[in-house]
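Novice: starting from these lines, generate the structure:
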Amino acid sequence: MAVSYLRRSGKKILFRNYRGPKGGELDIVARDRDFLCFVEVKARRRRSGSRPLDAVTPEKQDLIERGARSWLALLPHNDFQWRFDVVEVILEEGELPEICVVEEAF
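Specialist: Below is the predicted model:
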């Protein structure tokens, strides 16, 4: 669902579910114009009371950052801009999912 949404909004999906050799992880690696985006996907039910972004704790951010460093180390050069985004998916029974992209989330 998140990948389809990102594609529809013009982003190119480069990789899904990347796991770095030293424990880092990335849900999605995408390209948005001149930016390389490391994207975390979080879903919540509307009645949960908290927003999906709240689940991206400092510990989770560390895992994502380790994954990004590992991904960048694979590239022959990394003289481009990059950022961390979060795709929030809010689910409610009987309704279409609500999707929101938070660019530069942390």
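
Novice: and what about the most far-flung residue of the chain relative to its centre, helix, strand or coil?
Specialist: Computed with Cα atoms, centre = their mean, the residue of the chain farthest from its C-alpha average is residue 94, at 25.8 Å. Secondary structure assignment for residue 94 (DSSP: H, G, I helix; E, B strand; the rest coil): coil.

Novice: ok, the residue nearest the centre of the chain - contacts?
Specialist: Geometric centre of the chain, nearest residue: residue 39, 1.5 Å, by Cα atoms, centre = their mean. Residue 39 makes contact with 2, 6, 26, 27, 28, 29, 30, 84, 85, 86, 87 under the criterion Cβ atoms under 8 Å, 6 or more residues apart in numbering. (Each C-beta comes from the backbone N, C-alpha and C, glycine too.)

Novice: tally of neighbours for the residue nearest to it when sequence neighbours are not counted?
Specialist: Nearest in space to residue 39, with sequence neighbours left out and distances taken as Cβ to Cβ, 6 or more residues apart in numbering, is residue 28 at 3.9 Å. Using other Cβ atoms under 10 Å, residue 28 has 21 neighbouring residues.

Novice: next SSE downstream of the longest helix along the chain?
Specialist: In the chain, with assignment by DSSP state H, the single longest helix is helix 58-74. Moving toward the C-terminus from helix 58-74, the next helix or strand (DSSP states H and E) is strand 81-91.

Novice: what's the average pLDDT for stretch 70-84?
Specialist: When pLDDT is averaged along stretch 70-84, the result is 90.

Novice: so what touches that stretch?
Specialist: Contact partners of stretch 70-84, identified using Cβ under 8 Å, 6+ apart, comprise 15, 18, 20-22, 24, 26, 29, 34-40, 61, 64-65, 68, 103-106.

Novice: could you rerun that using 6 Å?
Specialist: 20, 24, 34, 35, 36, 37, 38, 104, 105, 106 (Cβ atoms under 6 Å, 6 or more residues apart in numbering).
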